[in-house]
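> Using only what follows, build the 3D model:
(one chain, ligands or ions: 2)
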Amino acid sequence: MRSIPTIKQVRAYTLKGGGADYHDQSDGHWIDDHVATPMSKYPDYRQSRRSFGINVLGTLVVEIEASDGSVGFAVTTGGEPAAYIVEKHLARFLEGAKVTDIERIWDQMYFSTLYYGRKGLVINTISGVDLALWDLLGKVRQEPVHQLLGGAVRDELQFYATGARPDLAQKLGFIGGKLPLHHGPAEGEEGLRKNLEELATMRERVGPDFWLMWDCWMSLDLNYATRLAQGAREYGLKWIEEALPPDDYWGYADLRRNVPAGMMVTTGEHEATRWGFRMLLEMGCCDIIQPDVGWCGGVTELIKISALADAHQTLVIPHGSSVYSYHFVATRQNSPFAEFLMMAPKADEVVPMFHPQLLGEPVPVKGRMRLSELDKPGFGVELNPACELHRPYTH
Ligand SMILES: C[C@H](O)[C@H](O)CC(=O)C(=O)O
Ligand SMILES: [Mg+2]
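Numbering: from 1, shown residues only. Ligands and ions are numbered 1, 2, ... in the order given. Sure thing, here's the model as predicted:
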């Protein structure tokens, strides 16, 4: 049998400026223009998400070098505190292990951090390490990750676009457009009316059949979300996303009962692990779960979350995360389409989601991506050498 390379070294770097921390954008970007958030109740933090620190973490880059010289890497949100966790805590579970020891490494990373982890930053960090391990395995075996995951079930992915201009997304060939919600409950009846007017304008521009969705980024309460969904009925809103804070499983279950027939409730981009998603699924919180593979525990965990969702007849449409989710979506029947986040400041053109941090990052063309775009070893991308890496800790 061919000998299996071992892991020689794990290195963690940080990077600023867009990329995996995609909220880290400059002034004038649609993603930071009066988007409703749980902080919108404070007028000082209403106009910009950067004002309350949405971009403080920056990007974490995890690099894993194997004994045969292969190097795998991945990027996610986490920055310097995540780099500390990788170098000072998690690296011990990888170095010396075989590059195929992914399941055991995940288990050790999760259970060794349980007393300060479980969700959020620590799981982002574990996700980054896990994705780098899959990239490494793909590079060692010279196979794309989707092949390692059991093979693709479709030859082409289709995408909806998230951004401020669903009307332009339609012209670019996407199958739907998801708008950021701009006004939260603290902006009262006038804000509610403005939200509905915006949806009405978009519906007028895109016609009756194009999917329109709302991303509420955890900003609402049950009463407001219910009234918004009911008001949106006449404009054919396909789904209302992340209406409530992620810990309010009870609120989501109520919201799902309250929305008009046919309108879906979606959530999960800030949920993590099979246990978090089990809550969403068993409590009947939503119609679609939206794990982010860079935040929910990586591909190793997403496989389990997806199987659980399948048994609950629930679709898995991963949140953003570029190639890391494309390779997964290609392999699952219960992931029939994918999200593309429009990172152009005016949401008027397609630019790679993790730009400028990755080279070779594929993008949808006319809302679609051929599987052949994903046929390179690992996740098929490289780090852009023009982006300066910083390694704040070593071990
Ligand atoms: C647009 C949303 O507020 C957020 O920035 C992205 C997101 O939640 C999504 O793509 O879904
Ligand atoms: Mg969202």
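> and this structure, what are its domains?
As assigned by the TED database, the chain contains the domains 6-21+57-142, 148-376.
> and Met39, which of these is closest to it?
Of all the domains of the chain, it is domain 148-376 that lies closest to Met39, at 8.5 Å by CB to CB. Yep, even glycine has a C-beta here, placed from its N, CA and C like the rest.
> Is that closest one in proximity to ligand 2?
Yes. Using CB under 5 Å from the ion, we find that domain 148-376 touches ligand 2 at 215, 241-242, 269.
> possible to save those as TSV with distance to ligand 1, neighbour count and secondary structure?
Compiled in TSV, these are given as follows (distance: CB to the nearest ligand atom, whole Å; neighbours: other CB atoms under 10 Å; DSSP: H, G, I helix; E, B strand; the rest coil):
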residue	distance to ligand 1	neighbour count	secondary structure
Asp215	4	24	strand
Glu241	6	27	strand
Glu242	6	26	coil
Glu269	6	22	coil
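> Can I get these in JSON lines including distance to Ala311 and pLDDT?
Shown next, in JSON lines, are those (distance: CB to CB, whole Å; pLDDT from 0 to 100):
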{"residue": "Asp215", "distance to Ala311": "27", "pLDDT": "98"}
{"residue": "Glu241", "distance to Ala311": "23", "pLDDT": "99"}
{"residue": "Glu242", "distance to Ala311": "23", "pLDDT": "98"}
{"residue": "Glu269", "distance to Ala311": "21", "pLDDT": "98"}
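> Please report phi then psi for the nearest residue to Val206 once chain neighbours are set aside.
Using CB to CB, 6 or more residues apart in numbering and skipping the chain neighbours, the partner closest in space to Val206 is Gln170 (5.0 Å). Gln170 adopts backbone torsions of phi -60, psi -40, taken as degrees, to the nearest 10.
> How many residues are close by Gln170?
22 (other CB atoms under 10 Å).
> okay but it is in contact with Leu212, surely?
No. Applying CB atoms under 8 Å, one finds Gln170 not in contact with Leu212, separated by 9.7 Å.
> Show me whatever sits in contact with both of these two.
Jointly contacting Gln170 and Leu212 under the rule CB atoms under 8 Å, 6 or more residues apart in numbering are 177, 206.
> which residues sit in contact with Gly173?
Per CB under 8 Å, 6+ apart, neighbours of Gly173: 364-368.
> in what helix or strand does it lie?
In the assignment (DSSP states H and E), Gly173 maps to no helix and no strand.
> what about it, distance to Gly236?
Gly173 sits 20 Å away from Gly236, taking CB to CB, to the nearest Å as the criterion.
> and what of Asp348?
With CB to CB as the criterion, Asp348 and Gly236 are 24 Å apart.
> Leaving out sequence neighbours, find the closest residue to the residue of the stretch 251-395 of the chain found nearest ligand 2.
Closest contact between the stretch 251-395 of the chain and ligand 2, by CB to the ion, is at Glu269 (4.9 Å). Once flanking residues are discounted, Glu269 sits nearest to His319: 3.7 Å by CB to CB, 6+ apart.
> right, and the one you found touches Thr267 too?
No. Counting by CB under 8 Å, His319 does not reach Thr267; the two are 9.9 Å apart.
> and for the two, which residues touch both?
Here His319 and Thr267 share the contacting residues Gln290, scored by CB under 8 Å, 6+ apart.
> Show the contacting residues for Gly96.
Shown in contact with Gly96 (CB under 8 Å, 6+ apart): 6-7.
> In three-state terms, how would it be classified?
Classification of Gly96 using DSSP: H, G, I helix; E, B strand; the rest coil returns coil.
> Kindly report the same for Ala91.
helix.
> Not including adjacent chain positions, what is the nearest residue to it?
Ala91's closest residue in space is Val10 (CB to CB, 6+ apart), at 4.1 Å.
> ok, back up a step: quick check, nearest of the residues of domain 148-376 next to ligand 2 to Asp248?
For the residues of domain 148-376 next to ligand 2, the nearest to Asp248 is Glu242 (10.8 Å; CB to CB).
> So what's the residue count around the closest residue to the closest one other than its chain neighbours?
Using CB to CB, 6+ apart and skipping the chain neighbours, the partner closest in space to Glu242 is Thr267 (5.0 Å). Burial of Thr267 is recorded as 28 neighbouring residues (other CB under 10 Å).
> Who are the contact partners of the residue of the stretch 101-250 of the chain found nearest ligand 2?
Residue nearest to ligand 2 within the stretch 101-250 of the chain: Asp215 (4.2 Å; CB to the ion). Applying CB under 8 Å, 6+ apart to Asp215 gives the contacts 162, 178-181, 241-242.
> rerun at 10 Å
By CB atoms under 10 Å, 6 or more residues apart in numbering, Asp215 lies in contact with 35-36, 162-163, 178-181, 239-243, 266, 269, 290, 319, 339.
> just His327 next, same as before
Contacts of His327 by CB under 10 Å, 6+ apart are 131, 134-135, 138, 144-149, 152, 293, 299, 371, 374, 378-380.
> Across the sheet, point out what pairs with the closest residue to Ile4 other than its chain neighbours.
Distance criterion CB to CB, 6+ apart; nearest residue to Ile4, sequence neighbours excluded, is Lys98 at 4.6 Å. With DSSP bridges as the criterion, Lys98 is bridged to Thr6.
> measure Lys98 to Gln108 for me?
As for Lys98, its distance to Gln108 is 14 Å (criterion: CB to CB).
> same question, Arg203
Applying CB to CB, the value for Arg203 to Gln108 is 50 Å.
> wait, isn't Glu388 in contact with Lys16?
Yes. Between Glu388 and Lys16 there is a contact under CB atoms under 10 Å: 9.1 Å.
> So for these two, which residue has more residues nearby?
Neighbour tally, Glu388 and Lys16, criterion other CB under 10 Å: the higher count belongs to Lys16, 15 against 11.
> dump the residue contacts of the more buried one.
24, 55, 57-59, 79, 387-388, 390.
> run the last query once more with 8 Å
For Lys16, the contact set (CB under 8 Å, 6+ apart) comprises 24, 58-59, 79.
> Ok, Phe354 next?
Applying CB under 8 Å, 6+ apart to Phe354 gives the contacts 18-20, 22, 75, 322, 361.
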